[in-house]
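Chemist: when you get a sec, could you give me coordinates for this:
(chains A and B)
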Amino acid sequence: SQELEQSPQSLIVQEGKNLTINCTSSKTLYGLYWYKQKYGEGLIFLMMLQKGGEEKSHEKITAKLDEKKQQSSLHITASQPSHAGIYLCGADDDTGNQFYFGTGTSLTVIP
Amino acid sequence: DAGITQSPRYKITETGRQVTLMCHQTWSHSYMFWYRQDLGHGLRLIYYSAAADITDKGEVPDGYVVSRSKTENFPLTLESATRSQTSVYFCASSESGSYNEQFFGPGTRLTVL
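Modeler: Numbering: from 1, shown residues only, chains lettered A, B, ... in the order given. Here you go, the predicted model:
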C-alpha cells in the first residue's frame, strides 16, 4: 500500500512567518491532493497536483510537486491565525482504486 | 439544510455493543465515503459506495458494515465495538468520485470504553 509521510507532525509559528509542510510518498504519486481541516470539522480541498514540477497557488498558499513525483510541499507565506488547522496530503495509488491520506500536520499560528 | 450531516456528533459506548453512525447528504451525490481519523495515521478509508446498493471495501473495513439502500444515506455500523475503533469518523460525498470534489461531514467522535 502507499504510504504518505508528512513533516513536521506539528508546527507552531508566529503570525506573519512563512512555513513549509512536506509530504513524502513511498511510491510515485499519480495525483497529489492537499486538504485543510479546521479543528473539529471536516476536510476542505485546497489543491491538486499531477505533473512533475507542477506548482499551484491560491492566495498565500503554494503547493509544489517535485520532478520525480514522490514529494510535495505546501508553503504558506505570511501566516495568519486563519491558516491554523490540520493539513493533510492525499494521493491515488497506482491502480487508481485506492486513495490514501498523509499522517497530517497540525499548524498553530500565534497572533 | 443542504449539505452533508452526520449523527451523532459524539458517542460513547462499551466494548461489544453495536453502534450505527449516520450520514446524510442532500445533493444526491452518487459517491459516498466513510473514513476514520487517528493520530499518526491521517484519514483511512473504511468503505465507499458508488451508488445505491453498491458498496466496496476501503483500506480498513474489518469490524465495520455499511449499507446504501437510499442514495442520500450511508450508515456505518460497528457490529461489536472494540476499543481500537475509538476514533473520529468522517463521511464524505462526491458526484464524480474524484477526491478533489469530496465534501466532508463534520465528523463523529466515537469513544469505546
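Chemist: for residue A:82, which three-state class applies?
Modeler: Of the three states, residue A:82 takes helix under DSSP: H, G, I helix; E, B strand; the rest coil.
Chemist: mind listing what residue 20 touches?
Modeler: Using chain A. Counting by CB atoms under 8 Å, 6 or more residues apart in numbering or on different chains, residue A:20 makes contact with A:73, A:74, A:75, A:76. Any C-beta I mention is one placed from the backbone N, CA and C, and that applies to glycine too.
Chemist: not quite, go with chain B.
Modeler: Taking CB under 8 Å, 6+ apart, we find residue B:20 in contact with B:75, B:76, B:77, B:78.
Chemist: can you list the buried residues in the helix or strand hosting it?
Modeler: Element membership of residue B:20 [criterion: DSSP states H and E] is strand B:19-25. Buried positions in strand B:19-25, judged by neighbour count with 16 or more other CB atoms under 10 Å in any protein chain shown: B:19, B:21, B:23, B:24, B:25.
Chemist: would you mind measuring from the residue in chain A that chain B sits nearest to to residue B:44?
Modeler: As assessed by CB to the nearest CB, chain B sits closest to residue A:42 within chain A, at 2.8 Å. According to CB to CB, to the nearest Å, residue A:42 stands 15 Å off from residue B:44.
Chemist: comparing those two, which shows the higher neighbour count?
Modeler: residue A:42 (20 against 17; other CB atoms under 10 Å in any protein chain shown).
Chemist: quick one: the more buried one from residue A:78, how far?
Modeler: 26 Å.
Chemist: please apply the same query to residue B:104.
Modeler: Taken as CB to CB, the span from residue B:104 to residue A:78 is 27 Å.
Chemist: thinking again about what came up before, go ahead and measure how far the strand holding residue B:20 is from the middle of the chain.
Modeler: From the chain centre to the centre of strand B:19-25 is a distance of 7 Å (CA atoms, centre = their mean, to the nearest Å).
Chemist: what's the first helix or strand after that strand?
Modeler: strand B:31-38.
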